[in-house]
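Participant: how would this look folded up:
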Amino acid sequence: MAKIKEIEELELTKKANKFIESADMSKGKKNRGGRPKKDKNDRATEQIFINVTKDEKAKIDAHAKELGISVSALCKISLAKFI
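Facilitator: Predicted coordinates:
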């Protein structure tokens, strides 16, 4: 009787393992996360450097923080009307 019980347990284990494998969603194509890459033409690759005083920098930082945007975004918005 012991062997029959062991075989039945083995069959149940195999069925359980197959069920678990089929339910495992981690296999296959993994989502890498993050946003999709931009096209080469849309990427910002160039930089502009400017010198400002400490007071000007503090005002720019404060204004950007007040608006809830980065200093870079503030500069881009400010320069947009000229380009």
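
Participant: helix/strand/coil for Ile69?
Facilitator: coil (DSSP: H, G, I helix; E, B strand; the rest coil).

Participant: can you report how many residues neighbour it?
Facilitator: By the measure other CB atoms under 10 Å, the count of residues near Ile69 is 14. All C-beta atoms are positioned from the backbone trio N, CA, C, and that covers glycine.

Participant: do a quick rundown of the helices in this structure.
Facilitator: Using DSSP state H, the helices of the chain run over residues 2-23, 54-67, 71-80.

Participant: give me the angle between the second one and helix 71-80.
Facilitator: Regarding helix 54-67 and helix 71-80, their directions subtend 100 degrees when assessed with axes from the mean of the first three to the mean of the last three CA atoms, to 10 degrees.

Participant: mind listing what's buried along helix 54-67?
Facilitator: Ala64 (16 or more other CB atoms under 10 Å).

Participant: do the last one as well
Facilitator: For helix 71-80, the neighbour count (16+ other CB under 10 Å) marks Leu74 as buried.

Participant: contacts for it, please.
Facilitator: Helix 71-80 is contacted by residues Ile60, Asp61, His63, Ala64, Leu67, Ile69 when judged by CB atoms under 8 Å, 6 or more residues apart in numbering.

Participant: which residue packs closest to the second one, ignoring adjacent ones?
Facilitator: In this case it means Asp61. If you skip the residues right next to it in sequence, Asp61 has Val71 as its closest partner in space, 6.3 Å away by CB to CB, 6 or more residues apart in numbering.

Participant: what about that neighbour, distance to Lys40?
Facilitator: 25 Å (CB to CB, to the nearest Å).

Participant: likewise for Asn31?
Facilitator: As for Asn31, its distance to Lys40 is 24 Å (criterion: CB to CB).
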